[in-house]
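> quick one, structure for this:
(2 chains)
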Amino acid sequence: AQSVAQPEDQVNVAEGNPLTVKCTYSVSGNPYLFWYVQYPNRGLQFLLKYITGDNLVKGRYGFEAEFNKSQTSFHLKKPSALVSDSALYFCADSTLTFGKGTMLLVSP
Amino acid sequence: GAVVSQHPSWVICKSGTSVKIECRSLDFQATTMFWYRQFPKQSLMLMATSNEGSKATYEQGVEKDKFLINHASLTLSTLTVTSAHPEDSSFYICSAREGVDPNEQYFGPGTRLTVT
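Below you'll find the model as predicted:
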């Protein structure tokens, strides 16, 4: 069985500060992991994915994620948050089973 | 990148009526399409998976007679909510995949259904 978990319902960060949105996984074998973003009343947009290779994955809009096998984590990060990054973020596994989502609020 | 469209983007219908939502892959052939349902501020819940020309496979707890899915061509799948009730009000999102690789799965913009 595979699954992902997002432990935070909401993350608040000030504009210009670094942000982290957490995701942990439990899979057998080598995981495929994804991050998607959803803006209000819109469908999901793909941000980035990890399949194999470098543990640091770079994606769209300046986001990146670090795959950590020992901690079974795949946290989403951005060095400097923008107000426009405020949205709902989903982690997903290779079966595209989604985590519950984390609302990111970036304040001006 | 590949584009998936949905129509309509939002719809309001009266209780007891049926409503059809279309999902199209615009620039690729979607052998598999997926329908998700999302309640406000919640995650996407997979409702069903459909392969072109085959009957859809429904997730546990999803009423197949209520949520009719047709995947008649490689570019079109439809979800019909029959005898809609207010509790069916939700955001419905489809996604489409050309092969078996989850890397190549693309999502539509969603359809907001409100049943009055």
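> contacts only, for the residue nearest to the spatial centre of chain B.
When CA atoms, centre = their mean is applied to chain B, the residue found nearest the centroid is B:Trp35 (3.5 Å). B:Trp35 makes contact with B:Cys23, B:Leu46, B:Met47, B:Ala48, B:Ser50, B:Phe67, B:Ile69, B:Ser77, B:Leu79, B:Tyr92, B:Ile93, B:Cys94, according to CB atoms under 8 Å, 6 or more residues apart in numbering or on different chains. C-beta here means a position set from N, CA and C on the backbone, and glycine is covered the same way.
> need the contact list for the fifth one.
So that's B:Ser50. B:Ser50 touches B:Thr32, B:Met33, B:Phe34, B:Trp35, B:Ala56, B:Thr57, B:Ile69, B:Asn70, B:His71, B:Ser77, counting by CB under 8 Å, 6+ apart.
> quick one: mean pLDDT over the helix or strand where the residue nearest to the centre of chain B lies.
Using DSSP states H and E, the element containing B:Trp35 is strand B:32-38. Mean per-residue pLDDT for strand B:32-38: 93.
> after that strand comes which helix or strand?
The element immediately downstream of strand B:32-38 (helix or strand, assigned by DSSP H and E) is strand B:44-51.
> list the neighbouring strands of that next one plus their orientation.
Using DSSP bridges, strand B:44-51 pairs in its sheet with strand B:32-38 (antiparallel), strand B:57-58 (antiparallel).
> format these as CSV; extra columns: distance to A:Asn17.
Shown next, in CSV, are the strands paired with strand B:44-51 (distance: least, CB to CB, whole Å):
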stretch, distance to A:Asn17
strand B:32-38, 29
strand B:57-58, 44
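> can you tell me which of those is most buried?
strand B:32-38 (a mean of 23; mean count of other CB atoms under 10 Å in any protein chain shown).
> quickly find the element holding A:Val13.
Using DSSP H and E, A:Val13 sits within strand A:10-14.
> partners of that strand in the sheet?
strand A:102-107 (parallel).
> what's in contact with the partner strand?
Counting by CB under 8 Å, 6+ apart, A:6, A:8-15, A:19, A:21-22, A:81-90, B:41 sit against strand A:102-107.
> contact partners for the residue nearest to B:Pro86 when sequence neighbours are not counted?
Nearest residue to B:Pro86 in three dimensions, chain neighbours excluded: B:Val115, at 4.9 Å (CB to CB, 6 or more residues apart in numbering or on different chains). Listed by CB under 8 Å, 6+ apart, the contact set of B:Val115 reads B:Ile12, B:Cys13, B:Lys14, B:Ser15, B:Ala84, B:His85, B:Pro86, B:Glu87, B:Asp88, B:Ser89.
> also B:Thr17?
B:Ser83, B:Ala84.
> go again using 6 Å as the cut-off
By CB atoms under 6 Å, 6 or more residues apart in numbering or on different chains, the contact list for B:Thr17 reads B:Ala84.
> repeat for B:Leu76
Each residue near B:Leu76 by CB under 6 Å, 6+ apart is listed here: B:Arg24.
> quick check: it vs B:Gln6, distance?
Per CB to CB, to the nearest Å, B:Leu76 is found 11 Å from B:Gln6.
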